[in-house]
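Asker: coords below, sequence missing:
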């Protein structure tokens with residue numbers, strides 16, 4: 001076990017490089033199951049989650065070769081197994097994204113339900129609905145999704161759920177449809193850049209897909225998909241996290257190797273509340289050295305404000321003048337980190353799925369626990385802003401999704417170290 005030790009109240013300056021997107025890399029890696037040829041993937045971040053996917057693909061029957069930084073080759077090594085066991089899936093909810101490609105390639109798949117997942121509240125039901133629409137027979141048995149199909153065929157499916165469209169559900173259906181007889185129409189498909197990145201890979205493998213970046217995808221299945229080389233898009237959530245950290249620390253730095261268009265909503269929000277931001281083709285310059293006003297944000301599917309930045313922007317709101325509100329319409333439990341912020345002196349009131357933050361308070365250092373990936377990043381931001389020495393524990397959550405996080409923060413002048421932690 002490790003922890004971060006942070007000495008706060010230092011303005012961050014310099015340049016930071018964004019890694020490849022975790023949320024794009026995982027389905028791109030899973031797409032290797034659709035072909036017998038080599039799939040070469042560049043800009044893959046070295047994270048707990050990508051390592052878990054490598055373990056899962058290796059278990060199923062792929063050989064994964066890790067080359068120079070961020071480059072992997074996935075090739076066939078024999079007959080594919082059709083099971084993704086609980087022992088691996090429990091480590092990473094996104095493991096379910098192997099369901100569609102496994103079913104399409106082997107005509108059967110047995111994938112453990114993600115740990116703690118109930119049908120309904122999370123869109124696992126939409127994965128099932130989508131695959132049944134193209135001919136799969138699916139049953140739930142002993143904690144597994146068991147899917148089979150003598151023949152998959154094109155169909156039409158609407159993937160709108162209670163909390164909007166499903167990103168991984170769209171990915172699963174799109175991958176299966178790419179190796180299916182006929183044409184499949186996905187209505188209310190996810191529009192996130194990560195889904196578009198996967199679609200672009202599938203096209204390079206020979207798939208015929210129309211409607212990229214829209215809510216309606218048309219996939220014409222092909223009998224065989226071939227190998228390809230692909231570069232994963234930059235991680236927009238990492239870049240957005242650094243925007244929030246700049247706001248928390250009165251930072252003035254440049255975020256490079258990013259795609260500002262993927263962050264148009266958060267960039268506009270910060271600009272409107274008084275933070276100076278400049279954008280270029282692949283960089284964002286932010287100057288948060290002056291006071292800025294409170295703001296209101298409501299999470300919605302892309303291209304609106306992303307749920308994965310709600311936690312980090314809660315901390316940024318603590319630094320703003322006046323009252324801010326952040327509503328998470330997608331994941332009402334997004335504010336699990338708020339009790340830790342209250343211990344640090346923040347003034348936050350929770351009303352259902354809305355956090356009401358009174359800014360202008362000086363945060364005080366404390367020993368705090370990360371409860372999940374984005375909450376952990378938010379608590380690091382709070383530690384960087386706080387007076388005194390903060391210890392953030394359970395940072396394995398953070399290491400799931402942020403590559404070299406503390407090293408990047410140190411490169412900006414942040415006083416943060418990683419140390420062994422005896423806490424169980």
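Answerer: Received it, and whenever you're ready, just let me know what you need. Please read these numbers as outputs of a predicted model, since none were measured by experiment.
Asker: Show me where the stretch 51-200 of the chain dips below the pLDDT cut-off.
Answerer: Scanning the stretch 51-200 of the chain for pLDDT under 70 picks out 115-123.
Asker: try 90
Answerer: Along the stretch 51-200 of the chain, segments meeting pLDDT under 90 span 68-69, 78, 93, 113-124, 161-164.
Asker: where exactly do the strands run in it?
Answerer: Assigned by DSSP state E, counting those that start in this stretch, the strands in the stretch 51-200 of the chain fall at 62-66, 72-76, 83-84, 108-112, 137-141, 144-148, 156-158, 160-161, 164-165, 183-187.
Asker: Switch those over to CSV; also include mean neighbour count.
Answerer: Bear in mind the C-beta positions are built from the backbone N, C-alpha and C, glycine included. Putting the strands of the stretch 51-200 of the chain into CSV (neighbours: other Cβ atoms under 10 Å) gives the following:
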stretch, mean neighbour count
strand 62-66, 15
strand 72-76, 19
strand 83-84, 21
strand 108-112, 22
strand 137-141, 12
strand 144-148, 20
strand 156-158, 16
strand 160-161, 16
strand 164-165, 21
strand 183-187, 20
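Asker: Name the nearest residue to residue 76, ignoring sequence neighbours.
Answerer: Once flanking residues are discounted, residue 76 sits nearest to residue 36: 4.9 Å by Cβ to Cβ, 6 or more residues apart in numbering.
Asker: again, but for residue 344
Answerer: Nearest to residue 344 is residue 363, by Cβ to Cβ, 6+ apart, at 4.6 Å.
Asker: ditto for residue 371
Answerer: Leaving aside its chain neighbours, residue 371 sits nearest to residue 336 (4.6 Å; criterion: Cβ to Cβ, 6+ apart).
Asker: again, but for residue 252
Answerer: Leaving out its chain neighbours, the residue that sits closest to residue 252 by Cβ to Cβ, 6+ apart is residue 287, at 4.6 Å.
Asker: Repeat that for residue 342.
Answerer: Nearest one to residue 342, counting by Cβ to Cβ, 6+ apart, is residue 348 at 6.3 Å.
Asker: Who is the one you found paired with across the strands?
Answerer: In this structure, residue 348 bridges to residue 357 when assessed by DSSP bridges.
Asker: surely it meets residue 337?
Answerer: No. With contact defined as Cβ atoms under 8 Å, residue 348 does not reach residue 337; the gap is 9.9 Å.
Asker: can you pull out the helices in this protein?
Answerer: For the chain, the helices defined by DSSP state H cover 22-30, 48-60, 86-89, 99-106, 124-133, 167-177, 193-204, 236-249, 264-272, 310-319, 338-343, 373-385, 396-399, 405-411.
Asker: Next, format those helices as CSV and append distance to residue 298.
Answerer: Output for the helices of the chain, formatted as CSV (distance: least, Cβ to Cβ, whole Å):
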stretch, distance to residue 298
helix 22-30, 21
helix 48-60, 27
helix 86-89, 32
helix 99-106, 31
helix 124-133, 22
helix 167-177, 18
helix 193-204, 20
helix 236-249, 16
helix 264-272, 10
helix 310-319, 9
helix 338-343, 17
helix 373-385, 16
helix 396-399, 25
helix 405-411, 27
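Asker: quick one: which of those helices is nearest residue 15?
Answerer: Evaluated over these, closeness to residue 15 peaks at helix 405-411, with 7.9 Å, by Cβ to Cβ.
Asker: can you list the residues that contact the closest one?
Answerer: Residues outside helix 405-411 that contact it (Cβ atoms under 8 Å, 6 or more residues apart in numbering): 4, 12, 14-17, 245, 377, 380, 384, 398-399, 414, 416-418.
Asker: rerun at 6 Å
Answerer: Applying Cβ atoms under 6 Å, 6 or more residues apart in numbering, the contact partners of helix 405-411 are 4, 16, 398, 416, 418.
Asker: which residues touch residue 373?
Answerer: Counting by Cβ under 6 Å, 6+ apart, residue 373 touches 397, 400-401.
Asker: coming back round to it: could you export the strands of the stretch 51-200 of the chain as CSV, including distance to residue 217?
Answerer: CSV is the format used below for those (distance: least, Cβ to Cβ, whole Å):
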stretch, distance to residue 217
strand 62-66, 26
strand 72-76, 24
strand 83-84, 24
strand 108-112, 21
strand 137-141, 21
strand 144-148, 21
strand 156-158, 10
strand 160-161, 13
strand 164-165, 11
strand 183-187, 4
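Asker: right, and these - which one's nearest residue 125?
Answerer: Of the strands of the stretch 51-200 of the chain, nearest to residue 125 by Cβ to Cβ is strand 160-161, at 7.3 Å.
Asker: that older thread, right, and the helices of the chain - which one's nearest residue 112?
Answerer: Of the helices of the chain, nearest to residue 112 by Cβ to Cβ is helix 86-89, at 3.9 Å.
Asker: ok now the closest one, how far from the chain's centre?
Answerer: Between the centre of helix 86-89 and the centre of its chain there are 19 Å (Cα atoms, centre = their mean, to the nearest Å).
Asker: what's the domain layout of this structure?
Answerer: Taking automatic domain parsing as the reference, the chain has its domains at 2-19+234-420, 22-231.
Asker: Distance of the residue lying farthest from the centre of the chain relative to residue 101?
Answerer: Most distant from the centre of the chain: residue 150, at 33.6 Å, with distances by Cα atoms, centre = their mean. Distance of residue 150 to residue 101, computed by Cβ to Cβ, to the nearest Å: 18 Å.
Asker: Tell me where the model's unsure across the stretch 201-350 of the chain.
Answerer: In the stretch 201-350 of the chain (pLDDT under 90), the answer is 330-334.
Asker: related to what we said a few turns ago, with distance to residue 172, pLDDT and neighbour count added, can I get the contacts of residue 373 in CSV?
Answerer: Output for those, formatted as CSV (distance: Cβ to Cβ, whole Å; pLDDT from 0 to 100; neighbours: other Cβ atoms under 10 Å):
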residue, distance to residue 172, pLDDT, neighbour count
397, 25, 93, 21
400, 21, 94, 20
401, 20, 95, 26
